[in-house]
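# what's the 3D shape of this:
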Amino acid sequence: MDATREAAETLEELQSRHRKELKELQGRITSKKKNATKKTRKGVNEECADMERRLREKQEGEVVAATMTATSAGDRSGPDPDDDDDDDDDDEKDSQNKSRLERIEDKVGGELEKAAQKLHISSPPSPPAKATATATNGDGTGRAGAGAGAGAGAGAGAGAGAGGTGKKRNRQKERLARRAAEQEEAAERAEEEASHMTDNRAREGEYMAKMFGTYGLVEKEIDPDGHCLFSAVADQLGQHGIPLDASPPSPPPPSPQSTPSPAGAGAGAVPGATPAYKVVRRAAVEYMASHADDFSPFLDEDLDTYLGKMRDTAEWGGQMELTALARRYGVEIRVVQDGRMERIGEGEGVETTLWLAYYRHGYGLGEHYNSLRRK
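Residues are numbered from 1 along each chain as shown. Below is the predicted model of the structure:
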């Protein structure tokens, strides 16, 4: 087996190993992106791009080194430097060697490009390996022809190198242009899809504003801290002068000049005492505990465990808590939300109505309640 055949087999083995390395890198990158969070996604993408760039640089360096080795081996197996062959024979061999080398490099470059495109990662420009290899081939050819004449051999080698470089396509620029076009097309598709999506937040806001105007209500913003339902109910109770405490002392008869309690405080709240939302939370929990049969069937967990979280944490309240509060305070609660208005505690002979606004899309944390006061 001659030296050129051995070099070709070495390049084939190198291509196989490169494909295996790219496949392993693709698996690692896929795993990293799958496990990335919203906060770490940018760093993970940069890390993956850097990993892919380093691997490409390493593999291209190995291809260049292997190609140079193949060229050197072909020179050593060729005719003796002292041979008296004419310049035409040297030029023909130079052309054959260069064509064979270009075919090998094109095959290697094509395999690397196909594998890299599967990763969907934009890689930075890399040094043109083929130009370097061709230039080396030209110098080597010039040395090989030194026996026939120093001037003629050097001229033939330089001409082969320069001619090869001028005819080559700039594959790196073509790849970058193709990827830029793909990214632009993807951005246009995403923009078009977004233009057809329903703006739930805007639609919800329009409906709520319409309902507020119909019933003569103005919105009182409540902090979105997990206690919003209880804070909104406390604000409404305060507007109607209803005591918050589950066991309030008997108040003296109100004088004609009495006025409602400060907004959000509730008639039973005392400055510096327990926050109003905690009093309302406790009232809801105590009512649900004393009427367990009315609420436990709707829970997926033990009632005591649920009530403990509802009493001691910022657990969000919902339909059951509103029902308990409507019964505990003897009021009707009307909840204005997107598309409808829900009544809780209706038809039980109550005279006081509390108004709440319920949002699903208007706040970043999710569901939220505000208090609605009369204008």
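# So what's the residue count around H291?
For H291, the tally of surrounding residues (other C-beta atoms under 10 Å) stands at 14. C-betas here are computed from N, CA, C, even on glycine.
# cool, M288 as well?
Counted with other C-beta under 10 Å, M288 comes out at 25.
# Show the contacting residues for it.
Shown in contact with M288 (C-beta atoms under 8 Å, 6 or more residues apart in numbering): 294-295, 303, 307, 310, 320-321, 324.
# Help me confirm that it is found in a helix?
Yes. Counting by DSSP: H, G, I helix; E, B strand; the rest coil, M288 falls inside a helix.
# By neighbour count, sort out the buried ones in the contacts of M288.
Buried by 16 or more other C-beta atoms under 10 Å: 295, 303, 307, 310, 320-321, 324, out of these.
# before we move on, back to that, closest to L356 out of the contacts of M288?
E321 (11.6 Å; C-beta to C-beta).
# State the phi and psi torsions of the closest one.
Note on E321: its backbone torsions stand at phi -70, psi -40 [degrees, to the nearest 10].
# now the buried ones among the contacts of M288 in CSV, with distance to L354 and secondary structure?
As requested, those are arranged in CSV below (distance: C-beta to C-beta, whole Å; DSSP: H, G, I helix; E, B strand; the rest coil):
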residue, distance to L354, secondary structure
F295, 20, helix
L303, 25, helix
L307, 22, helix
M310, 19, helix
M320, 16, helix
E321, 13, helix
A324, 13, helix
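# For these, give me a markdown table that also has distance to K23 and pLDDT.
What follows is the buried ones among the contacts of M288, written out as a markdown table (distance: C-beta to C-beta, whole Å; pLDDT from 0 to 100):
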| residue | distance to K23 | pLDDT |
| --- | --- | --- |
| F295 | 57 | 92 |
| L303 | 55 | 91 |
| L307 | 55 | 94 |
| M310 | 53 | 91 |
| M320 | 54 | 92 |
| E321 | 55 | 94 |
| A324 | 60 | 94 |
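# Next, give me the two most distant ones among the residues you listed.
Top of the distance list for the buried ones among the contacts of M288 (C-beta to C-beta): L303 and E321, 13.3 Å.
# isn't A292 right up against L303?
Yes. Using C-beta atoms under 8 Å, A292 makes contact with L303 at a distance of 5.6 Å.
# contacting residues for the spatially closest residue to D223 that is not a sequence neighbour?
Residue nearest to D223 in three dimensions, not counting chain neighbours: S231, with 6.9 Å by C-beta to C-beta, 6 or more residues apart in numbering. Applying C-beta under 8 Å, 6+ apart, we find S231 in contact with 222-223, 264, 276-277, 280, 369, 371.
# tell me which of the contacts of M288 is nearest to A209?
Once C-beta to C-beta is applied, the member of the contacts of M288 that ends up nearest A209 is E321, at 26.5 Å.
# how about the strands of the protein, start to end?
217-220, 332-337, 340-344, 353-359, 368-374 (DSSP state E).
# Mean pLDDT lowest where, among those?
Per-segment mean pLDDT for the strands of the chain reaches its minimum on strand 340-344, at a mean of 88.
# Tally up the residues packed near R17, please.
When neighbours are counted by other C-beta under 10 Å, R17 comes out with 12.
# gap between it and L11?
Separation of R17 from L11 (C-beta to C-beta, to the nearest Å) stands at 11 Å.
# Any stretches of the stretch 251-375 of the chain with poor pLDDT?
251-272, 347-349, 364-365 (pLDDT under 70).
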